[in-house]
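Participant: Predicted structure and sequence below. I'll ask about it afterward.
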Amino acid sequence: MLRISLLIAGILLCGLSYAQKISLRLVDESGETLPGIAIKLAKSGEQKGNEITLSDVNGLAQLNVPAFPAQLEIFAPGQSILVKNFGNAPEGTVQIELGRKYTGLDEVVVTGVGKPTKLDEAVSVYRIITAADVRAQGAVNLQDALRNQLGMNIGQDAMLGGTIQMQGMSGDNVKIMIDGLPVNGREGQNVDLSMINMANIERVEIVQGPMSIMYGADALGGVVNLITKTNANDWNVGADAFYETVGKYNFGLNGALRKGRSNFSLSGGRNFFQGWDPFHDTVRNPLWRPKEQYFGNLKYTYRIGEDASVTYSTDYMNDRMIIKEGLDNFSAYNKVATDETFITQRWINRLQFKWKTGTHGYWESNNSFAFYDRSRESVLTDLTTMEQNPSTVTGDNSKSVFNDFVSRTTYNNKAGILHYTFGYDINLQFAKGVEKIAGGQQNVGDYALFLVTDINVTDNLKLQPAIRAAYNTKYQAPVLPSFSLLYKPNSFWRIRASYARGFRAPTLKELYLDFKDSNHDVFGNLGLKPEDGHHVQLSTAYNIAKSGSNYCNISLTGYYNDVTNQIMLLATGEGAPGSPPPYTYVNLGKFRNLNFQMQSQSQVEQLSVTLGASYNRNIKTVSNPAFDYWEATGNVRYAIPAWKAGIALFYKYTGSMPLQISDGLGGVTTGAALKDIHNLDISLDKNLWANKLQLTVGVRNLFDNTIIGYQTGAGLVNPGGGSTGGAHSGGASLGGMNLTTGRTFFTTLSFRFNKG
């Protein structure tokens, strides 16, 4: 019996000697270890595995693997399911970084800070949209991704695309950036959000409130920073297909390679929208114009050493919008229609350096050269023969070019209780276009130095005084101060407060635009004064509970904006018979508003819930009317790991708000009030084929909002050529304001195949 026992023990020991171990260390984006994470051996050789272990308090875990190749599945509440494949037993401990599926208190932000900082330790108030949020919403572009956000009103202009307001501030006070560098090409007061594709975006960081010290003039209302994806595999290839029942057909390809110190990724695709009209199934000139977009993204990172890297990236977009004249005037005597194609191209090139020096020194240099041009091509179409000839009307064929050079470098370090970020910021703008720019060519430059200091007075109190000094080639810029504080009475409570002075010089378009055609008569104003503002923010946040990745917190934030000489585009009178009314940019005397936001975020195991409410009030001044409105949001996410699936719900309520129109005296008054809006999107996503295939299906705009009408008895007010704005800003139609296409169903199919 003893011999038999020894033989069996020997066989077992021999077998165990052939089994090998995989040692793992699990961390989040900031490098913090993650305890209590479940790791399953899903496959070992040709056999399915079922061994499961948990990471310890140091984020460490080990698994016995009988045979290779092996496949591990890693599950973490509130985080993405991760599949790791090993062809052979790895040497040493493998560190694995888990990306969060939902926003958590330990999220790391890079916007407006000297170096990556935990969300809970940042002085400013942030909101984050993850890649999973983007996918669940079926968001193709930035306009889709932002439309359910609290404190942000996303509109649709029939000619200029997606528009934005943030806490009541117009789009020219909201800076849109990619990897910390600005997106150029404002038309009117906005960068067209529908032309910023989300295909290669990892997350979106939103800062509501002034960021003018770090980012300059057009960041008074806040910043929206899109962070591009970084390849985390040895190599991967993928494809994405998207369909929406409103007539949208999109397709994209992507691939990446990591070898040695080099990391390369490339993506591109085509978005097509056939156009849509709420009143006709087929129409020559639908209310929502047909569009075709081609986009491409390239990113290459070379790691010089453990503490330094250089990245070159480029983003290209080609957008074609077709506007055909309707058949209202078609007759035996008039068989010709004027058809137009607007072609917009944007090409942003970025060169970025990051390196560490000494124990705490951190350098970051961000540089970009961005090209933007918009062409208008008009043809006369004979509707009987379909023969086309170029239009000879002045302005019907034109091209404008806007190029921007940006360079900003920061150095961050600490000395005792003092952390500081010192940097410079150079912004150069060049405009060219005989048909649209007075004089045919203009330029403006802005050169600035800034210093941001974090003083850790105690473990619980951080003060952040900052200053920015700038030289503008056309206007005298004042020295801009700001002061912020973060107070932590205990580990659960945060109090934030800030004051910042803002300054925005008029843009080249606001000064020099000279654009006349059959539909427009817009000219700049050389007499414009710069906007000068004071901005105050107070916020408190309390963590009701936190255990591991489960948490519940609530926050209350108040904003106050006081802007002198706010710049707006307003009508100056009535045009000649048959001609459009003339518009120009003017200064308003005073703009003041208050915005209060309350938001709660909770996560319990696989359930994530975000609820919010916002009260917005315009304060009456000599040039601005008084009005108020409410907003509310509710986002619910539930993951089902056993099914490798998830359910998402996105809701937003926007209260009734009056149109803002010109009073004919250089000020603004209110017209009829638009009805309030309820919006609801629902989606379901599921991973298939060992997580290589991901399917998302959903319904968007469940309440079928299309054109937002006026309140009963309000009467229809014709803006009379004056500009309109507000929460429902966008193109006007006879029945109200255009908001979005009606209820639609969408589906996204994503394929990913990777190694490492």
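Facilitator: Received the coordinates, thanks.
Participant: What lies in contact with stretch 449-464?
Facilitator: Stretch 449-464 is contacted from outside by 114, 123, 213-214, 417-425, 465-470, 482-489, 498, using C-beta atoms under 8 Å, 6 or more residues apart in numbering. C-beta coordinates here come from the backbone N, C-alpha and C atoms, glycine included.
Participant: If we use 7 Å, what do you get?
Facilitator: Contact partners of stretch 449-464, identified using C-beta atoms under 7 Å, 6 or more residues apart in numbering, comprise 114, 123, 213-214, 417-425, 465-469, 484-489.
Participant: model confidence over it, on average?
Facilitator: Average pLDDT, stretch 449-464: 94.
Participant: Check which residues of it are buried.
Facilitator: F450, V452, D454, K462, L463, Q464 (16 or more other C-beta atoms under 10 Å).
Participant: Over to stretch 524-541?
Facilitator: In stretch 524-541, counting by 16+ other C-beta under 10 Å, buried: 524-525, 528, 530-533, 535-541.
Participant: Over to stretch 224-231?
Facilitator: Here stretch 224-231 shows V224, N225, L226, I227, T228, K229, N231 as buried, counting by 16+ other C-beta under 10 Å.
Participant: Distance check, the third one against I129.
Facilitator: With distances defined as C-beta to C-beta, to the nearest Å, the gap from L226 to I129 amounts to 9 Å.
Participant: which residues of the stretch 601-750 of the chain score low on pLDDT?
Facilitator: Residues of the stretch 601-750 of the chain meeting the criterion pLDDT under 70: 660-668, 711-736.
Participant: By neighbour count, sort out the buried ones in the contacts of stretch 449-464.
Facilitator: Buried members of the contacts of stretch 449-464, counted by 16+ other C-beta under 10 Å: 114, 123, 213-214, 419-421, 423, 425, 466-468, 484-488.
Participant: D144 contacts Q137, correct?
Facilitator: Yes: using C-beta atoms under 7 Å, D144 is in contact with Q137, at 6.2 Å.
Participant: Between these two, which is the more surrounded one?
Facilitator: Between D144 and Q137, Q137 has the larger neighbour count (other C-beta atoms under 10 Å), namely 24 against 21.
Participant: Now for the more buried one: which residues touch it?
Facilitator: Taking C-beta under 7 Å, 6+ apart, one finds D144, A145, F650, D681 in contact with Q137.
Participant: Determine which two of those residues are furthest apart.
Facilitator: Farthest-apart pair in those is A145 and D681; separation 11.5 Å (C-beta to C-beta).
Participant: on that earlier part again, which ones among the contacts of Q137 map onto strands?
Facilitator: Within the contacts of Q137, residues falling in strands by DSSP state E are F650, D681.
Participant: want to try a markdown table for the contacts of Q137, with distance to V697 as columns?
Facilitator: Converted to a markdown table, the contacts of Q137 look like this (distance: C-beta to C-beta, whole Å):
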| residue | distance to V697 |
| --- | --- |
| D144 | 16 |
| A145 | 18 |
| F650 | 15 |
| D681 | 12 |
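Participant: In this model G221 seems to touch Q167, though I could be wrong.
Facilitator: Yes: using C-beta under 7 Å, Q167 is in contact with G221, at 6.3 Å.
Participant: Tabulate the buried residues of stretch 524-541 (CSV), appending distance to Q189 and secondary structure.
Facilitator: Listed next are those as CSV, based on distance: C-beta to C-beta, whole Å; DSSP: H, G, I helix; E, B strand; the rest coil:
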residue, distance to Q189, secondary structure
G524, 13, coil
N525, 14, coil
L528, 14, coil
P530, 15, coil
E531, 12, strand
D532, 18, strand
G533, 16, strand
H535, 18, strand
V536, 24, strand
Q537, 23, strand
L538, 28, strand
S539, 27, strand
T540, 32, strand
A541, 32, strand
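Participant: Specify which member of those residues is nearest to Y551.
Facilitator: Nearest to Y551 among the buried residues of stretch 524-541, with distances taken as C-beta to C-beta, is A541, at 11.5 Å.
Participant: neighbouring contacts of stretch 406-426?
Facilitator: Contacts for stretch 406-426 (C-beta under 7 Å, 6+ apart): 114-115, 181-182, 216, 360-368, 427, 447-457.
Participant: Stretch 485-494: end-to-end distance?
Facilitator: 10 Å (C-alpha to C-alpha, to the nearest Å).
Participant: ok so, going back, more neighbours: Q167 and G221, which one.
Facilitator: Using other C-beta under 10 Å, the more surrounded residue of Q167 and G221 is G221, with 30 against 27.
Participant: Which positions within the host helix or strand of S407 qualify as buried?
Facilitator: Element membership for S407, per DSSP states H and E: strand 398-415. Residues of strand 398-415 classed as buried by neighbour count (16+ other C-beta under 10 Å): 398, 400-404, 406-408, 410-413.
Participant: now the angle between strand 398-415 and whichever helix or strand comes after that strand, please.
Facilitator: Proceeding N to C from strand 398-415, the next assigned helix or strand is strand 418-432, under DSSP H and E. Angle between the axes of strand 418-432 and strand 398-415 is 170 degrees (criterion: axes from the mean of the first three to the mean of the last three C-alpha atoms, to 10 degrees).
Participant: about what we covered before: so which of the buried ones among the contacts of stretch 449-464 are in helices?
Facilitator: I213, M214 (DSSP state H).
Participant: would you list every one of the strands in the stretch 351-500 of the chain?
Facilitator: Assigned by DSSP state E, counting those that start in this stretch, the stretch 351-500 of the chain shows strands spanning 361-382, 388-390, 398-415, 418-432, 441-456, 461-472, 480-490, 493-504.
Participant: So which residues of this structure form helices?
Facilitator: 2-18, 131-137, 142-146, 212-215, 508-512.
Participant: packing partners for the third one?
Facilitator: Right, helix 142-146. helix 131-137, strand 152-157 (3 or more C-beta pairs under 7 Å, 6 or more residues apart in numbering; DSSP states H and E).
Participant: Quick check: mean pLDDT of the longest one?
Facilitator: Going back to what we said before, that points to helix 131-137. Mean predicted lDDT for helix 131-137 stands at 88.
Participant: now do stretch 66-77
Facilitator: On average, the pLDDT along stretch 66-77 is 80.
Participant: send the alpha carbons of that stretch over as CSV?
Facilitator: C-alpha atoms of stretch 66-77 as CSV (Å, rounded to 0.1, in the frame of the first residue of the first chain):
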residue,chain,number,x,y,z
PRO,A,66,-1.5,22.8,-17.4
ALA,A,67,-0.8,23.6,-21.1
PHE,A,68,-0.3,26.5,-23.5
PRO,A,69,-1.6,28.4,-25.5
ALA,A,70,-3.8,29.7,-22.6
GLN,A,71,-6.6,32.2,-22.5
LEU,A,72,-7.6,34.2,-19.4
GLU,A,73,-10.8,36.2,-18.8
ILE,A,74,-10.6,39.0,-16.2
PHE,A,75,-13.8,40.4,-14.7
ALA,A,76,-14.0,43.5,-12.5
PRO,A,77,-17.2,45.3,-11.3
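Participant: Contacts for it next, please.
Facilitator: 19, 34, 37-45, 81-89, 96, 98, 549-550, 605-606, 641.
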